[in-house]
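[1] Prediction below, plus the sequence it came from.
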Amino acid sequence: MVAAFERTASLLRARVDGLAHTGLATFYVRQDEQVTQLRCSTGSVGRQELPFGGACVPVDDLAPIVAAFLTDEEPGVVRLTDDEPEEGAGEERVLPPFPVWVRAVGTTGHA
């Protein structure tokens, strides 16, 4: 799976390089624990501007994300930590930052 996503990023980079697009473009992959899926997309943003409402951590190693997906013993269940506020405490629960594998595929931002 890792090799397939790496190959996809390479192909996207070649395709974007052939276009008139001169800005950033980023291909990214993350595990969506709520629906038990790996999700990928490409955006005209840099690695620090990914379009997520929650906190994410851009990472360069996809293997741990794929391994977590493949070994998920409770698909569709997202466990909250013990230090989360109790329900009814008046504070909204905040999920911890999640890893997102990123690859620059735009004409700017990669060597």
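    Perfect, I can see it now. Numbering: from 1, shown residues only.
[2] ok, Ala3 - how many residues close by?
    Counted with other CB atoms under 10 Å, the neighbours of Ala3 add up to 8. Quick note: C-beta positions are derived from backbone N, CA and C, even for glycine.
[3] ugh, wrong one, I meant Val2
    Other residues near Val2 come to 14 when the count uses other CB under 10 Å.
[4] Can you tell me the closest non-neighbouring residue to it?
    Nearest residue to Val2 in three dimensions, chain neighbours excluded: Leu62, at 4.9 Å (CB to CB, 6 or more residues apart in numbering).
[5] Same check on Ala55?
    Nearest non-adjacent residue to Ala55, counting by CB to CB, 6+ apart: Pro97, 3.9 Å away.
[6] What distance do you get for the one you found to Thr22?
    31 Å (CB to CB, to the nearest Å).
[7] ends of stretch 28-40, how far apart?
    Stretch 28-40 has an end-to-end distance of 5 Å (criterion: CA to CA, to the nearest Å).
[8] and the residue nearest to Val2, what does it touch?
    For Leu62, the contacting residues are Val2, Phe5, Glu6, Val29, Trp101, by CB atoms under 8 Å, 6 or more residues apart in numbering.
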